[in-house]
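Novice: structure for this input, please:
(4 chains)
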Amino acid sequence: MSSVGERHGEATPVGVVVAEVTESELDGAELLRRLGDSSDGAVIVFEGRVRDHNGGRVVVRLHYDAYAGMAADVLQEISREALARTGASAIGVQHRIGSLEPPSVSLVVAVSAAHRRPAYEASAYVIEELKRRLPLWKREEYADGTSEWLGGHTPEAGARGDAMVMRGTE
Amino acid sequence: MSSVGERHGEATPVGVVVAEVTESELDGAELLRRLGDSSDGAVIVFEGRVRDHNGGRVVVRLHYDAYAGMAADVLQEISREALARTGASAIGVQHRIGSLEPPSVSLVVAVSAAHRRPAYEASAYVIEELKRRLPLWKREEYADGTSEWLGGHTPEAGARGDAMVMRGTE
Amino acid sequence: MSGRFPVHVQLFGKHREIVGSSVVELELEAGGTVADLRGLLAAHPVLGGWLGGCAIAVNRRYERDESVVAVGDEVAIIPPVAGG
Amino acid sequence: MSGRFPVHVQLFGKHREIVGSSVVELELEAGGTVADLRGLLAAHPVLGGWLGGCAIAVNRRYERDESVVAVGDEVAIIPPVAGG
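Specialist: Take a look at the predicted model:
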């Protein structure tokens, strides 16, 4: 894996390896292998998986819908913010869309960094922020044949962390 | 993977899947596959890897020495504490010993949980605590042929988190 | 610029389901803002009751009520998001 | 119990290197504690200068200075640990 900048420095930003919304099956192991060069002492992979129950109801399927074009931009933006805030060296993030059955992987967030703390911080930041502003929705389908769109967060205009940008009349 | 307790409850403790010190090569992907049943919405795998530099010096090899019998007990104990504190459902932790070259994996910590927060908390707890009290040492070997045992933490007697146990005359 | 221009508002999640379409077409006055767009959406017979907690994205960015919408802008209503 | 008994103290990391062995043998008085053991180690010609920040493990648990060491206990000096 190629790196940018000093080979033996503490900060070797490799950047955003992948930031995508996809209908393909996800595999955290793939990013675990791809991320990290020889100056990275820590790699963390988070997999979000579809659970077979929620709030006491049996879940048979989760359907994810996304504003695909915007979602990829938002994932890219969140990843860059996480790198800038924490000094982590590389991030890969993938969110699956379509119909998923338990225990399919719906989300993979992978981070590499020189040390463990920036790796944890970047990983948590990406997940918290994507829950806040990734234009993506899920409908749970239950064993009794009913289904429900799950409530979530209202994204804030201009809420782009360190990189707040306004537009229009302001 | 078998689980203990309620299949659809929020807390289904599966326990400590593995807690070992080993001379064999480590692979986080293996635990990523093993951990998590259909009630777990989050799986995190942390890989600690040998870096090719430290404090400005080029590292060619890291030699890990352990008090093997005790180390396995300590990993088991830390893992149980992490499960009890966070409500995570399963943990696997492996530390490699012997001579490792960059970017070999020296440590794998894998956690599954119903939700992401307990997964992160348990993962961080295991790593922080093992750095505090796992009887294991590392000697860095540098490009110039010199080597050095790295300084670390002094383990505290009775420092066993929630499960503090005394012995002897007290 | 004067007069009215068409805006194709993209729908997602529950909105798409209740409207039975992935887009609604509205007409905005020149110089119209995100707030004006929200006013038109509130008057929509089906969507009107389902705008609580929604954001508006213009050209793939979340925009404040004061932002002006221009001819050709890509506009979408974003119901509360729930990724992960 | 009275008299003295042998204690085989396991060494690790730098200790093993400087002593050139994985064990040192000491004799402890019956009823002797971890503190007594530390006293004997401090008098060791090689180890004496390398005990800063070390813990003592008895039967694979870190023990306080007051803890009594008994015949047959598994004893080890634990230099500052550095896992990860």
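Novice: all the helices of chain A, residue numbers only.
Specialist: A:28-34, A:68-86, A:116-133 (DSSP state H).
Novice: I should have written chain C there, sorry.
Specialist: Assigned by DSSP H, chain C shows helices spanning C:14-19, C:34-42.
Novice: mind exporting the C-alpha coordinates of the longest one to PDB?
Specialist: Put plainly, it is helix C:34-42. Provided in PDB are the C-alpha atoms of helix C:34-42 (Å, rounded to 0.1, in the frame of the first residue of the first chain):
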ATOM      1  CA  VAL C  34     -35.000  26.500   1.000                       C
ATOM      2  CA  ALA C  35     -37.700  28.000   3.300                       C
ATOM      3  CA  ASP C  36     -39.900  28.700   0.300                       C
ATOM      4  CA  LEU C  37     -39.400  25.200  -0.800                       C
ATOM      5  CA  ARG C  38     -40.400  23.900   2.600                       C
ATOM      6  CA  GLY C  39     -43.600  26.000   2.400                       C
ATOM      7  CA  LEU C  40     -44.500  24.400  -0.900                       C
ATOM      8  CA  LEU C  41     -43.800  20.900   0.400                       C
ATOM      9  CA  ALA C  42     -45.900  21.600   3.500                       C
END
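Novice: list the buried residues of that helix.
Specialist: For helix C:34-42, the neighbour count (16 or more other Cβ atoms under 10 Å in any protein chain shown) marks C:Val34, C:Asp36, C:Leu37, C:Leu40, C:Leu41 as buried. Every C-beta, even on glycine, is put in place using the N, C-alpha and C of the backbone.
Novice: could you double-check that the fourth one sits in contact with C:Leu26?
Specialist: Yes. Taking contact to mean Cβ atoms under 8 Å, the distance of 4.8 Å between C:Leu40 and C:Leu26 places them in contact.
Novice: which regions of the chain lie under the pLDDT threshold?
Specialist: With no chain named, the answer covers chain A. Applying pLDDT under 70 to chain A picks out residues A:1-14, A:159-170.
Novice: should've been chain C
Specialist: Checking chain C against pLDDT under 70 turns up C:1-2.
Novice: now the strands for it?
Specialist: C:4-10, C:23-29, C:55-58, C:61-62, C:75-78 (DSSP state E).
Novice: then chain A?
Specialist: Going by DSSP E, chain A shows strands at A:15-22, A:42-49, A:53-54, A:57-66, A:90-96, A:98-100, A:105-113, A:136-142, A:147-149.
Novice: measure the closest residue to chain D within chain A to chain B for me?
Specialist: Nearest residue of chain A to chain D, counting by Cβ to the nearest Cβ: A:Arg116, 7.6 Å away. Per Cβ to the nearest Cβ, to the nearest Å, A:Arg116 is found 6 Å from chain B.
Novice: that residue contacts A:Gly41, doesn't it?
Specialist: Yes. The pair A:Arg116 / A:Gly41 is scored as a contact, 7.2 Å apart, by Cβ under 8 Å.
Novice: for residue 78, which non-adjacent residue is spatially closest?
Specialist: This is for chain A. A:Glu129 (4.5 Å; Cβ to Cβ, 6 or more residues apart in numbering or on different chains).
Novice: hm, I was asking about chain C
Specialist: C:Ala55 (4.2 Å).
Novice: next, count neighbours for that neighbour.
Specialist: 22 (other Cβ atoms under 10 Å in any protein chain shown).
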